[in-house]
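1. using only what follows, build the 3D model:
(chains A and B)
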Amino acid sequence: MTAPSAARRSAGEAFGQLEPIQASFREAAARHLEERDYLLAGARVRLQSASAEMMRRLSHSFSHLEATPGAAEPELTIGLWDAVTSGTQPPPLPNTRDEEAPGAFFYYSDDRARVGFQLGTSGDARVLAVYPEAPTPAMSVLERGGRRGWYWVEDAERIPYWEQATPMVYLLDWWLRDRNMHMLHAGAVGTATGGVILVGKSGSGKSTTTLSALQSELLYAGDDYVGVSLGGEPYVHGLYGSGKLMPNHVERLPFLLDALANTDQLDVEKAVVYVHEHWPDNVSSGFPLRAIVAPRVTPGLGEARLREASALEGFTALAPSTVFQMHTRGQDSLTRVRRLVETVPSYVLELGSDIASIPRAIAELLGRLDPASR
Amino acid sequence: MSERGLVVNAPQVIHETINGEVVIINLATGNYYSVKGAGADVWAAIEASPGAPRPELIAALEARYDGGNVEAEVGRFLEELCAEGLVAETDAVSRPAGREPGGTRREPFETPVLEKYTDMQDLVLLDPVHEVDAAGWPQTRPDVATA
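-> Numbers count the residues shown, from 1 in each chain, chains lettered A, B, ... in the order given. Coordinates of the predicted model:
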């Protein structure tokens, strides 16, 4: 079947209007519908999918948070559908003009909804021949003040590996913000009584640090994105059970080798591990946030060591990467990060060659920061 | 020619101040910056008096500092902020807020420095953002079908 091409389609002013989006989903759901419930950041979220493949790909990373279906009304219901599987026309999409970057993001918001469209690439066989992992066009929609969201893609079979590892980050970030939470570009590890977020740009050692915790007593709450509650005591919410790291960094964590989900794709993809499937007892849905930790790879160092950092250091490690990754609410993101670094202490974690010492250093810090130990 | 005022180039430029240091992010370019000391004072003056013209901003800062070539250094710094797209000119000129009453002691002047970081540029180049309002959508191209 040929996909209706998002790149060629445009509906001008209709983009961002909820009614045609709902109508498009209803049309697809009339042919097939399956649903699953998850507890995300303390709330029930229902995925309703008109595509079995889409449900499979987008629910994988949430499976450790699956809840008994129908046990309660969901606080958010997300409709999932794609054009190829359902054979339906795409919902109205923006005119993407001459933009050619597949990662280009078109964002619209009004008092009814936030809508974001990721351009992706066409399903043209010639494109796929030279770019097999070409991401499919995708649209995220969240109704303001409501309980409904939608996530449409052109072709469920072309949902890229990174989207499967951390699905729907924009949609969930918008939803979290409405609940006084915030999606951060951070990993998180800790214990039931408290944990840290690991922050920094790509290459800083963030993933190595979070995944090293799997060989310790520390619990894992996320590697790339976590939710954080800002009201009262800051609290980390683990959302995704996945972890990603550069293929050449796997050799530092050889215990991951048998758990990698994409061993045959490491020439073009980051290494992905679904932590909850291999270390189910090490995964946490969240804990109180005790500190912000910025890993720094430190050549020549053996054991990892921590040093106190200023709020400014914590801010500069966390804010730019979060703002540029979650780019639809710039000043709001920055202000929330400032509030966070003014609430919890920041540390720099210097990483050396002794990987086992990394979780030890974090566990020692958490012991010192535990209110019960003071 | 009448003097134009200066404003923070929002919304593409966002900023926060922590412990006296300002972190400024240009969402359009992917660059981010830090300024402290006199540079943070200049930024605060622009933010406090949106639309203030250069000479009046400089005069307000000259009154604050002791020593140094405030006029030339602040003037150069303002041009650097404009060149980086962090500050924009506006026809909506306003007068800067008067100096807060207080002691007459003036602070020593240090040359303002704009520290620039470019390590996030790739994110913006690879994933450019087009944030538009309802009226801002481009017209449907005649060559695209909406069948």
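2. so how many other residues sit close to the residue of chain B found nearest chain A?
-> Here the residue of chain B nearest chain A is B:Asp127; by C-beta to the nearest C-beta that distance is 3.5 Å. From N, CA and C alone the C-beta is placed, and that goes for glycine too. By other C-beta atoms under 10 Å in any protein chain shown, the residues close to B:Asp127 number 18.
3. next, it: phi, psi?
-> phi -120, psi 70 (degrees, to the nearest 10).
4. quick one, what contacts it?
-> For B:Asp127, the contacting residues are A:Ala101, A:Gly103, A:Ala104, A:Phe105, A:His327, by C-beta atoms under 8 Å, 6 or more residues apart in numbering or on different chains.
5. now, which of those residues sits nearest chain B?
-> Nearest to chain B among the contacts of B:Asp127, with distances taken as C-beta to the nearest C-beta, is A:Gly103, at 3.5 Å.
6. isn't that closest one up against A:Leu119?
-> Yes: shown here, A:Gly103 and A:Leu119 form a contact pair, counting by C-beta atoms under 8 Å, at 7.4 Å.
7. which one's more surrounded, these two?
-> A:Leu119 (24 against 16).
8. surely the more buried one meets A:Ala104?
-> Yes: taking C-beta under 8 Å as the definition, A:Leu119 is a contact partner of A:Ala104 at 4.3 Å.
9. what do the two both touch?
-> With C-beta under 8 Å, 6+ apart as the test, A:Leu119 and A:Ala104 both reach A:Thr96.
10. which phi and psi does B:Arg95 have?
-> phi -90, psi 140.
11. ok, how many other residues are close to it?
-> 12.
12. list the contacts for it?
-> B:Ser49, B:Ala52, B:Glu56.
13. kindly report the same for A:Phe105.
-> Per C-beta under 8 Å, 6+ apart, neighbours of A:Phe105: A:Gly116, A:Phe117, A:Gln118, A:Leu119, A:Tyr170, A:His327, A:Thr328, B:Asp127, B:Pro128, B:Val129, B:His130.
14. in strands, which of the residues you listed fall?
-> In this view, those that belong to strands under DSSP state E are A:Gly116, A:Phe117, A:Gln118, B:Val129, B:His130.
15. list the buried ones in the helix or strand of chain A with the lowest mean pLDDT?
-> Least confident helix or strand, chain A: helix A:125-130 with a mean of 78, by mean pLDDT, DSSP states H and E. Under the neighbour-count criterion of 16 or more other C-beta atoms under 10 Å in any protein chain shown, helix A:125-130 has nothing buried.
16. tell me the helix or strand right after it.
-> strand A:138-143 (DSSP states H and E).
17. determine how far that next one lies from the middle of the whole chain.
-> 15 Å (C-alpha atoms, centre = their mean, to the nearest Å).
18. kindly report the same for stretch A:38-48.
-> On C-alpha atoms, centre = their mean, the centre of stretch A:38-48 falls 15 Å from the chain's centre.
19. mean confidence for that stretch?
-> For stretch A:38-48, the mean pLDDT works out to 97.
20. also stretch A:15-35?
-> Here the average pLDDT along stretch A:15-35 is 92.
21. list the buried residues for that stretch?
-> For stretch A:15-35, by 16+ other C-beta under 10 Å, it's A:15-18, A:20-22, A:24-25, A:27-29, A:33-35.
22. check stretch A:361-374 too.
-> A:Ala361, A:Ile362, A:Ala363, A:Leu365, A:Leu366, A:Leu369.
23. what does the least confident helix or strand of chain A rub up against?
-> Against helix A:125-130 from outside (C-beta under 8 Å, 6+ apart): A:Thr121, A:Ala134.
24. 10 Å instead?
-> A:Pro102, A:Thr121, A:Ser122, A:Ala134, A:Arg158 (C-beta atoms under 10 Å, 6 or more residues apart in numbering or on different chains).
25. neighbour-wise, which one of those residues leads?
-> A:Arg158 (23 neighbours).
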